[in-house]
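In: Provided below for reference: sequence and predicted model.
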Amino acid sequence: MALTGPQALSSLDDAVRDIRREEDDIAKRLARSAERVAKLREAEAELYRELAAMRLKEPEALTGSLGDAEKRARAILDTRAADMAAAEDALRNLDETVAGKVRKRQELLGEIDRAQGELKALSATIAKTVAADPAYMAKREEMETLNRVAEESLKKTEVAEADREQKGRPYRDDPLFMYLWERGYGTKNYKANNFTRYLDSLVARLVRYDRARPNFAMLNDIPLRLREHAERQKAAAETAEEELDALEAQAIDAAGGKDQRQALKAAQTKIAALDADILAIEDERDEKAVGFRHMAEGRDPKFEEAQRMLATSLEQKDIASLMAEARRTPTPGDDAIVKRIDDSRSQLDEETRESAEHKARLKVLAARRRELEDIAFEFKKARYDDPRSTFREDNLAGDLLNEFLRGAITAGNYWAAWQKSQRWRPGTTDWGGGVGLPRSGRSDPPSRDSSGSSWPGSISPPGGPWSSGGGNPWGGGGSGGGFSRPRTGSRGNRTGGGFKTGGGF
């Protein structure tokens, strides 16, 4: 059974939420383990006091220092417990805030679906209007041409960048060549005294620098020039698309769809704002979760201070001598205490091993969660959450998702599977000044409305011929896993994709 765009995004959101829940659960286990470690050390100190009282004539100096260390450590741990509870509450509040915004986003997707359905009923009238408008047809042809030029420019840029990486490697691997290159030898930027110039000239002759430098410079320069050209072509195509949007909006309004168009645009704007809020809250939560995990793992300053106090008191020379003497001259009382101390140390070792396993699991979970967040960002950026977007493979939210979570496939491959599976609902059109789908810049056969009449306005999947099933050609996503989700703590942006006014939802 196929998945719709909103259903697919919901499955990703659910998976992220489940991982966060498991992260929090493991962090709590670590916190409890750290607390048990502290109690084991306190119990060990108490046993040493008992042993000292039994074997030493004047045990007060040793037992007093142990008792003081215990009291100070316990006071610190009590305040730490309050800090842990506050941090846990903060994470819970952020989760509830995100959940509320996600629910609101889902409601807005429902509003968009209804508005799109109402606009689709006007498709025949809109098609006739745009077909009879020479300005619209000319602008559409211009946009498609510019998109094709931009696409070809991007392909050439990618080839040149691959050449720079592959063909430039021998140059970069030659330390003598790179020494001269980085000093600017052979250019006006080269500066050195006469003796150094003489030595550098010998090196240059040895590596044939005068012949190699122009080739390496060209390998580096061509991709930069092509990238600049591709960006200019992209900007020109986007300008033409915005102008076409305006003409489409006029056609929709003339057909009686102004209210629906405005409602659709308003919903899209609200979703963009929600996405920015969710991104910022997720980043804030991520930062707080790191602090919470550090406390749970015992890496916060308060816990480390308490542990240091106890450990220092238990590593006193007098205690080591006391234990050694107790083992050499065993008595029934000594034996019982020494055995309890040994048992306590064994439990401490076991807690340490379990904590290490939990920490390793947390590291894996954090990596998976961040990758899923990246995929969800690209998903929305490519507009795959549009109600008219569908996915042929429902196992993307089932078996394949589980494989990704187990580490059987990479995030890049998992995202590529979403791209390959994505399709647009039959009959979807691209007209609408912000109500259709993103255009590909490719000339497709005319679509037909329900009455059977042919009209312009056909659409190919987002991303067009440069991707296998959709996506944004100008950055983010892709089978290589080069995700574009900002993680700077800023509100981020969705330039190049997302819910923008113009060129489609």
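Out: Structure's in. What do you need? Residues are numbered from 1 along each chain as shown.

In: make it CA atoms for all contacts and neighbour counts henceforth
Out: Fine.

In: now the strands: where do they sit in the stretch 301-450 of the chain?
Out: 389-391, 422-424, 447-448 (DSSP state E, counting those that start in this stretch).

In: could the ones you listed go into a markdown table alongside mean pLDDT, distance to residue 99 and mean neighbour count?
Out: Converted to a markdown table, those look like this (pLDDT from 0 to 100; distance: least, Cα to Cα, whole Å; neighbours: other Cα atoms under 10 Å):
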| stretch | mean pLDDT | distance to residue 99 | mean neighbour count |
| --- | --- | --- | --- |
| strand 389-391 | 92 | 23 | 23 |
| strand 422-424 | 90 | 26 | 23 |
| strand 447-448 | 32 | 40 | 18 |
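
In: between those strands, which one is nearest to residue 244?
Out: strand 447-448 (18.3 Å; Cα to Cα).

In: tally up the residues packed near residue 212, please.
Out: When neighbours are defined as other Cα atoms under 10 Å, residue 212 has 13 of them.

In: distance check, it against residue 178.
Out: As judged by Cα to Cα, to the nearest Å, residue 212 and residue 178 stand 11 Å apart.

In: that older thread, reformat the strands of the stretch 301-450 of the chain as CSV; add distance to residue 409.
Out: Listed next are the strands of the stretch 301-450 of the chain as CSV, based on distance: least, Cα to Cα, whole Å:
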stretch, distance to residue 409
strand 389-391, 19
strand 422-424, 19
strand 447-448, 38
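
In: among those strands, which is nearest residue 158?
Out: strand 422-424 (24.3 Å).

In: so what does the closest one touch, helix or strand wise?
Out: Applying 3 or more Cα pairs under 8 Å, 6 or more residues apart in numbering; DSSP states H and E, one finds that strand 422-424 makes contact with strand 389-391.

In: check the offset of the helix or strand hosting residue 275 from the chain's centre.
Out: Under the criterion of DSSP states H and E, residue 275 resides in helix 258-296. In terms of Cα atoms, centre = their mean, to the nearest Å, the centre of helix 258-296 is set 14 Å apart from its chain centre.

In: for stretch 96-103, same thing?
Out: 19 Å.

In: report the backbone C-alpha coordinates of it in CSV.
Out: Only the C-alpha atoms of stretch 96-103 are listed here, as CSV (Å, rounded to 0.1, in the frame of the first residue of the first chain):
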residue,chain,number,x,y,z
GLU,A,96,5.7,18.6,24.3
THR,A,97,6.2,21.9,22.5
VAL,A,98,7.5,20.2,19.4
ALA,A,99,4.7,17.6,19.5
GLY,A,100,2.2,20.5,19.6
LYS,A,101,3.7,22.2,16.6
VAL,A,102,3.9,19.0,14.6
ARG,A,103,0.2,18.4,15.3
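
In: one step back: right, so of the strands of the stretch 301-450 of the chain, which gets closest to residue 130?
Out: When the strands of the stretch 301-450 of the chain are compared by Cα to Cα, strand 447-448 sits nearest residue 130, at 13.5 Å.

In: for the helix holding residue 275, list every residue counted as buried.
Out: Residues of helix 258-296 classed as buried: 258, 260-265, 267-268, 270-283, 285-286, 288-289, 291-296 (neighbour count, 16 or more other Cα atoms under 10 Å).

In: do stretch 396-408 as well
Out: For stretch 396-408, by 16+ other Cα under 10 Å, it's 396-397, 400-401, 404-405.

In: ok, now stretch 150-160?
Out: 150-151, 153-154, 156-157, 160.

In: enumerate every residue touching residue 210.
Out: By Cα atoms under 8 Å, 6 or more residues apart in numbering, the contact list for residue 210 reads 186, 204.

In: recalculate using a threshold of 10 Å.
Out: Residue 210 makes contacts with 185-186, 204, as judged by Cα atoms under 10 Å, 6 or more residues apart in numbering.

In: domain parsing for the chain?
Out: Split into domains by automatic domain parsing, the chain comes to 3-122+257-466, 138-240.

In: all helices in the stretch 301-450 of the chain, in order from the N-terminus.
Out: 301-314, 317-328, 332-381, 399-406, 411-421 (DSSP state H, counting those that start in this stretch).

In: any idea how far the host helix or strand of residue 221 is from the chain center?
Out: Per DSSP H and E, residue 221 falls inside helix 209-254. Per Cα atoms, centre = their mean, the displacement of helix 209-254 from the mean C-alpha position of its chain is 27 Å.

In: what is the mean pLDDT for that helix?
Out: Average pLDDT, helix 209-254: 92.

In: burial count for residue 253?
Out: Applying other Cα under 10 Å, we find 16 residues neighbouring residue 253.

In: how close does it get to residue 422?
Out: According to Cα to Cα, residue 253 stands 31 Å off from residue 422.

In: equivalent analysis for residue 154, please.
Out: Separation of residue 154 from residue 422 (Cα to Cα): 23 Å.

In: now residue 158, nearest residue through space, not along the chain?
Out: Spatial nearest neighbour of residue 158, excluding adjacent residues (Cα to Cα, 6 or more residues apart in numbering): residue 223 at 7.9 Å.

In: so that neighbour sits against residue 156, correct?
Out: Yes: between residue 223 and residue 156 a contact is recorded at 8.6 Å, counting by Cα atoms under 10 Å.

In: need the overlap of contacts for the two.
Out: residue 162.

In: which of the domains of the chain comes out lowest on mean pLDDT?
Out: Among the domains of the chain, domain 3-122+257-466 scores lowest, with a mean of 76.

In: could you pull out the helices for the stretch 1-150 of the chain?
Out: 5-55, 60-120, 123-131, 134-167.

In: for the closest residue to residue 377 other than its chain neighbours, helix, strand, or coil?
Out: Among residues not flanking residue 377 along the chain, residue 485 sits closest, at 6.1 Å (Cα to Cα, 6+ apart). Recorded secondary structure, residue 485: coil (DSSP: H, G, I helix; E, B strand; the rest coil).

In: gap between residue 485 and residue 276?
Out: Taken as Cα to Cα, the span from residue 485 to residue 276 is 11 Å.

In: what's the answer for residue 37, then?
Out: 42 Å.

In: likewise residue 487?
Out: Distance from residue 487 to residue 276, by Cα to Cα: 12 Å.

In: mutual contacts of those two, please.
Out: By the contact definition Cα under 10 Å, 6+ apart, residue 487 and residue 276 are jointly contacted by residue 282.

In: contacts for the helix or strand hosting residue 200?
Out: Assigned by DSSP H and E, residue 200 belongs to helix 194-207. Applying Cα under 10 Å, 6+ apart, the set of residues contacting helix 194-207 from outside is 174, 176-177, 179-180, 183, 185-186, 190-192, 208-213.

In: repeat that for stretch 392-404.
Out: 1-4, 7-12, 14-15, 368, 371-372, 405-415, 417-418, 420-423.

In: how about a cut-off of 6 Å?
Out: Applying Cα atoms under 6 Å, 6 or more residues apart in numbering, the contact partners of stretch 392-404 are 1-3, 11, 421.

In: helices or strands up against the helix holding residue 275?
Out: Helix 258-296 is packed against helix 5-55, helix 60-120, with contacts defined by 3 or more Cα pairs under 6 Å, 6 or more residues apart in numbering; DSSP states H and E.
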